[in-house]
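Peer 1: sharing a sequence plus its predicted fold:
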Amino acid sequence: MKSFSPTRRSALHCSLGALLAVLAPSALARAAAAAPYKGPVLVLGDSLSAEYGLARGSGWVELLRQRLAHEKIDTAVVNASISGETTSGGVSRLPALLEQHKPGVLVIELGGNDALRGLPLSMTRANLTTLARLGREAGARVMLIGMQVPPNYGRRYADDFAAVFVDVARTAHTSLVPFLLEGIADAGDQASLFQADRIHPTAQAQPRMLDNVWPVLAPLLR
């Protein structure tokens, strides 16, 4: 997988506002109007949430714990992310995690490894829909974190892949962060924001990742 080149940012960039505008307003309204919040926050993700290549405690999920404390929101965060995880793996693991932790909010950050492995988009869409359904049935509010692929995958595939998350959020009635790496993958200073593999963000990029998540997550916590 090639790096997110800043020279191709126009092909890759998909703004938060533009994608949120695609969502049916009723979907976000239903997500925000769910039953009263109960904890903890369960993050089901891949290496982007599992602190791959980072010092422990420096990833965006740990920064989320710190922000919750700062905001005086008394809830725990369970990070169930695993490097290399796919949406299929998430479907296999989620029922036991829901039974064990009984989360108030389920954060789904999966799909990138499906693209890396060339899995059918229909499979990714179906798995994400299942994950959202399982979360809702367990009484959790569900938030989906979208991902994008670099333009070297082909413009059509990149657009179709990004659209999967929008479609699932609309049809499964979840909240959506359109792109976890907004302002990172399309930034000019790639050397400081990505590790040597040009795929995984550095510690310096983690606060921005949290900033992308927080505006969508915060209303679900209150």
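Peer 2: Done, it's in.

Peer 1: residues touching the residue nearest in space to the middle of the chain, list them.
Peer 2: Closest to where the C-alpha atoms of the chain average out (CA atoms, centre = their mean) is Ile145, at 2.4 Å. Neighbouring residues of Ile145 by CB atoms under 8 Å, 6 or more residues apart in numbering: Gly45, Val107, Ile108, Glu109, Phe165, Leu176, Val177, Leu180, Val213. Backbone N, C-alpha and C define where each C-beta goes, glycine included.

Peer 1: please report the distance of the closest residue in space to it that isn't next to it in sequence from Ser49.
Peer 2: What sits nearest to Ile145 in space, not counting adjacent residues and going by CB to CB, 6 or more residues apart in numbering, is Glu109, at 4.2 Å. Applying CB to CB, to the nearest Å, the value for Glu109 to Ser49 is 5 Å.

Peer 1: shared neighbours, these two?
Peer 2: Shared contacts of Glu109 and Ser49 (CB under 8 Å, 6+ apart): Val43, Ser81.

Peer 1: the contacts of Ile145: which two are farthest apart?
Peer 2: Pairwise distances across the contacts of Ile145 peak at 15.0 Å for Gly45 and Leu176 (criterion: CB to CB).

Peer 1: quick one, helices of the protein?
Peer 2: With DSSP state H, the ranges of helices along the chain come out as 9-12, 16-22, 25-32, 60-70, 87-101, 112-116, 121-137, 155-171, 190-193, 206-217.
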